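Student: Just a sequence and a predicted model for now, questions to come.
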Amino acid sequence: MRKNAVNITVIAIFFCLLLYPLSLDAQVRYGIKAGVDYFSASSLGGKVGATAGFAVNIDLGAAGFSLQPELDYVMKSPVGAHCVNVPVNLQWGPDLILFRPFIMVSPFVGAAFRPEKTLFDYGVGVGAGIDFWRMQLQIKYSWDLGTPEKLGGLDVSLLYFF
């Protein structure tokens, strides 16, 4: 149980550090996220789950790059896991005034809570999306490298920024 508390504390500290803007003139937006995911493993098949969370988008101001750390709850249904993940999305895309299409790479760390035990979770994702008005639509494929089943999953999410 003590190891679980340490893992959760490390994840929380990591997320809080990412909330700190890189510079005082950086444009920072805060938002909420909701979506669906489909995780599968070759030996287990696949199942639909849900994802929800909070995001901070930091415009880096350099050639269309932005950094978007998130704190997400993810259901990985094939293995019965409920996960808390902290992905850090590095996004790049041109600002076309009314909207901004982007591509992203997204390493993550987290904890996978299972009925029998809690595991340290990590992996990487790649995806694309579009920013419009105060919303962001993301489509991302993630490879879960921290669990024995090596899950892969597609995530479709909508974010609303305040």
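Tutor: Yes, it's here.
Student: could you measure the spatially most central residue of the chain against residue 71, distance?
Tutor: The chain has residue 87 as the residue nearest its centroid, 3.8 Å off, counting by CA atoms, centre = their mean. Remark: distance between residue 87 and residue 71 (CB to CB, to the nearest Å) = 9 Å. Placement of C-beta: from N, CA and C, glycine included.
Student: Excluding chain neighbours, what is closest to residue 127?
Tutor: In space, and not counting its chain neighbours, residue 127 is closest to residue 140: 3.1 Å by CB to CB, 6 or more residues apart in numbering.
Student: same question, residue 161
Tutor: Nearest residue to residue 161, sequence neighbours excluded (CB to CB, 6+ apart): residue 31, at 3.8 Å.
Student: returning to what we had before: which element is the residue nearest to residue 127 on?
Tutor: strand 135-144 (DSSP states H and E).
Student: Can you pull out the residues in contact with that strand?
Tutor: 31, 35, 39, 57, 76, 104, 106, 108, 121, 123-130, 150-161 (CB atoms under 8 Å, 6 or more residues apart in numbering).
Student: Drop anything exposed from those residues.
Tutor: 31, 35, 39, 57, 76, 104, 106, 108, 121, 123, 125, 127, 129, 151-155, 157, 159, 161 (16 or more other CB atoms under 10 Å).
Student: For the chain, give me the ranges with low pLDDT.
Tutor: Applying pLDDT under 70 to the chain flags the ranges 1-26.
Student: Which parts of it are helices?
Tutor: Assigned by DSSP state H, the chain shows helices spanning 2-19.
Student: before we move on, the earlier item: could you report the distance from the closest residue to the residue nearest to the centre of the chain other than its chain neighbours to residue 118?
Tutor: Spatial nearest neighbour of residue 87, chain neighbours left out: residue 108 (3.8 Å); criterion: CB to CB, 6+ apart. For residue 108, the distance to residue 118 equals 16 Å [CB to CB].
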